[in-house]
Every structure is written in C-alpha cells, then in structure tokens.
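Trainee: Curious how this folds, go ahead:
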Amino acid sequence: MQYDLQEQACWLLLTFESGLSTRIINDIIVAWCRQMGRTLAEFFAADSSEWETACQLNVVIVEKLEQAREKLDEQAELVEQLEQASIHVLPALADDYPVLLKQALKRNATPPVLFYAGDLDILTRRTIAVIGSRNASEQGLAFTHAVVQYLAEHDANVISGNARGVDRVAYEAATGTEGCTTVVLPHGIRKLSGVQMRDLQPKIEEGRVLVLSQFHPDAPWLVSRAMERNKVVTGLAQVVIVAESDTKGGTWEGAHSALKQKRPLYVRQTTSSPALPGNEALIKLGGQPLPWPADDIKAVFAPLLAESAAQQQKQSEQPARTEQFSLFATEE
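Mentor: You can find the predicted model right below:
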C-alpha cells in the first residue's frame, strides 16, 4: 500500500504517542492492518468500541489510544518536517521494511517504524556488522580498519552503531574506500549534530551511506536506547564481527544478541598480549576466532564474505517480503 502523509502520521501516533509496548502496538498492526486490511488512518477515525472488538483491547489501552489521537495534527506536522529534510518513514508493513529484522526480533521487539536517510537498497547487499568497544585498544582499532576496508572494497555493506571507538573507525574505513555503510543511531535521527550531518550528507547523496533510527526523531541518547540499537545492528546483518569486547557492556550484549539471532559470530583473537577476556569468552560461547595480527589478510577476511553470501542465499529462499509480517505475527 501507499503510505501518504496522513497514514505516516498515524503510524507515528500509534508508535510514539500511545504509551503502549512494542508487542501491543504490533498486535494492533497485525489485527487491524494485516488481518482486516484496513489503514491506521481508519483505525484512528474509528469509534473506540470498534478497537475493543477488532483488536481485543482492554479499557486501559483504549484510554491511552483515545488520548493519543488528540495529537494527530502534531504528528502530521512532524511528518511534513521530516519529508522536507529528506528523512523517510518506513512502517513495519512496507514492502521494503528489512525482512531480516522481523526474523531476528520477532513481534516483541520489531520496531513498528524506522526512520532513514539515504538509499535503502544498500541493505540488499551482503551486510556485515562490526561491533566493538567505545574504548578499544589501538590493536582493536587497527583490526577494525583492516577488516572494514577489506569488506568495503569487496562490495559489502558494513553496518555499525555510530559511537566512538570501533564504530567511528568502521564508518571512516568504509567511506574512505568508496564503499557502502549503514549507520544505526542510538537516538533520534534529528539529534545528529550539525557537524555530523555535514559529514554524512554528501555521502548520503552519493548513495554510499544509509542512516537508520528506530527512535522518535527527537529522542536523545540513553544507555537503554544504545542497547536496543545494538539488536537492530546485529539483526540487519548476515554476519557479525566483534573487534573488541569486555565481559559486560554494550558490545558483550550485542554479541549475545547476535548468537540468539543465530547470526554467525566472528571474534578477533589476539596472538599477542594483552589478552582479551571478553573476546575469549565469546569464542567459548560459540564465536569463531579471527586470528590477529595476520600476515595474510585475505585468508582471514575472505571467508566472512563467503559466509555472508551463503546466508544471503538462504534468506532469498524465505517467503516474499509482503508475507513476512503475517508470518512473523504467528510466532511467539
């Protein structure tokens, strides 16, 4: 279906103004939009008694929805502002919503709406996530630069989380080789600084950078949002690489998410001191070691591309995108 400005505003209204959990929001989307074939504009125009019957909603949820729809005009204004800034709204039922994300996160955690700037087709490439500490060692950063440069030069989309340390080096290495990269934000897409936007905009216009956010456009950075963001980073990738991890924190949790999402996990294994306890622990949990430093970079990194291609082939055999939300809706 086509998502005009009014319909987009309704998606934002349900997602960000209702105060409902992601699970309940997605339940409403499945019941009303997928099963009944109706729009969210029709949902918010309907009588609340129809909400109760069609979506099996209790009184508390209905009250929250009634309060939310009073803010429809505000959301319509926001959508217009986003359109003027070339920021796009991507509802979960859109044909080009990333299938991998639905498969990875299921109904409980799939973001009902994504915001993006750039070419969404970047996600159709082999996509490999590189994650690591904000305070990574020089060796960890050197590894990050080497692996990302190799992947970008071989037409992979490198995805990272827009933090300092490993994320920053991954972005610089990918764009420095004329490669493609996806940046998943831990905050709203309008919270990027002026300096960041001046750096990103030319690369977005060239079709080499895709910026994504699952949060309200004006949502500030929070630790909890950074953790949620990590699940999207790994969920969008066919393969996940850990440059450097502690035994706790964001990278550690992100790597665990990757394993739960059944993503092939590759972990830098140092061949010299100091030891990396987090990396070694992840290898014991099922991560595949990547020895570093390495004399033959191709021998270490080429298998990552092959693994990504193999995973991409498996995904192409999954049901068509238009069927994914109904398929996902039946999974518990």
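
Trainee: how is the protein carved up into domains?
Mentor: Domain assignment for the chain, taken from automatic domain parsing, gives 5-88, 120-316.

Trainee: all strands for the stretch 1-150 of the chain, in order.
Mentor: 88-91, 113-117, 127-132 (DSSP state E, counting those that start in this stretch).

Trainee: Could you check how far Ala45 is from Lys71?
Mentor: Distance from Ala45 to Lys71, counting by CB to CB, to the nearest Å: 15 Å. To be clear about C-beta, it is placed using only N, CA and C from the backbone, and glycine gets the same treatment.

Trainee: quick one: which of those two has more around it?
Mentor: The residue with more neighbours, out of Ala45 and Lys71, is Lys71; 16 against 12, by other CB atoms under 10 Å.

Trainee: Leaving out chain neighbours, which residue sits closest to that one?
Mentor: Once flanking residues are discounted, Lys71 sits nearest to Glu17: 5.0 Å by CB to CB, 6 or more residues apart in numbering.

Trainee: Quick one, grab the pLDDT at that neighbour.
Mentor: Reported pLDDT at Glu17 in the predicted model: 97.

Trainee: Verify the contact between it and Gln75 for me.
Mentor: Yes. Contact between Glu17 and Gln75 holds when scored by CB atoms under 8 Å: they sit 6.9 Å apart.

Trainee: Of those two, which one has the most company?
Mentor: Set side by side, Glu17 and Gln75 show more neighbours around Gln75, with 24 against 19, by other CB under 10 Å.

Trainee: The residue nearest to that one when sequence neighbours are not counted and Glu50, how far apart?
Mentor: Spatially, and ignoring its direct neighbours in sequence, Gln75 is nearest to Ala9 (4.1 Å; CB to CB, 6+ apart). Distance from Ala9 to Glu50, counting by CB to CB: 20 Å.

Trainee: returning to what we had before: buried deepest among the domains of the chain, which one?
Mentor: Of all the domains of the chain, domain 120-316 has the most neighbours on average by mean count of other CB atoms under 10 Å, namely a mean of 19.

Trainee: returning to that earlier point: which of the domains of the chain sits closest to Pro112?
Mentor: Counting by CB to CB, Pro112 lies closest to domain 5-88 out of the domains of the chain; the figure is 4.6 Å.

Trainee: Show the end-to-end separation of that closest one, please.
Mentor: For domain 5-88, the first-to-last residue distance is 11 Å (CA to CA, to the nearest Å).

Trainee: which element is the spatially most central residue of the chain on?
Mentor: By CA atoms, centre = their mean, the mean C-alpha position of the chain lies nearest to Val232, the distance being 3.2 Å. Assessed by DSSP states H and E, Val232 sits inside helix 223-235.

Trainee: so where is this structure shaky, pLDDT-wise?
Mentor: Residues of the chain meeting the criterion pLDDT under 70: 1, 273, 318-332.

Trainee: Please report the distance of the residue located most distally from the centre of it from Asp119.
Mentor: No residue in the chain sits farther from the centre than Ser49, which is 35.3 Å out by CA atoms, centre = their mean. Using CB to CB, Ser49 is found at 44 Å from Asp119.

Trainee: Spatially nearest residue to Leu78 (excluding sequence neighbours)?
Mentor: In space, Leu78 is closest to Leu12, 6.5 Å off (CB to CB, 6+ apart).

Trainee: ok, the one you found touching Asp73?
Mentor: No. Using CB under 8 Å, Leu12 is not in contact with Asp73; the gap is 11.9 Å.

Trainee: Determine which of the domains of the chain approaches Asp96 most closely.
Mentor: domain 120-316 (5.6 Å).

Trainee: quick one: the closest one to chain centroid distance?
Mentor: In terms of CA atoms, centre = their mean, to the nearest Å, the centre of domain 120-316 is found 11 Å from the chain centre.

Trainee: How about stretch 16-34?
Mentor: 19 Å.

Trainee: show me the contacts for Glu307.
Mentor: Shown in contact with Glu307 (CB atoms under 8 Å, 6 or more residues apart in numbering): 238-239, 264.

Trainee: which one of the residues you listed sits closest to Ile204?
Mentor: Distances from Ile204 to those, taken by CB to CB, are shortest for Gln238, at 23.1 Å.
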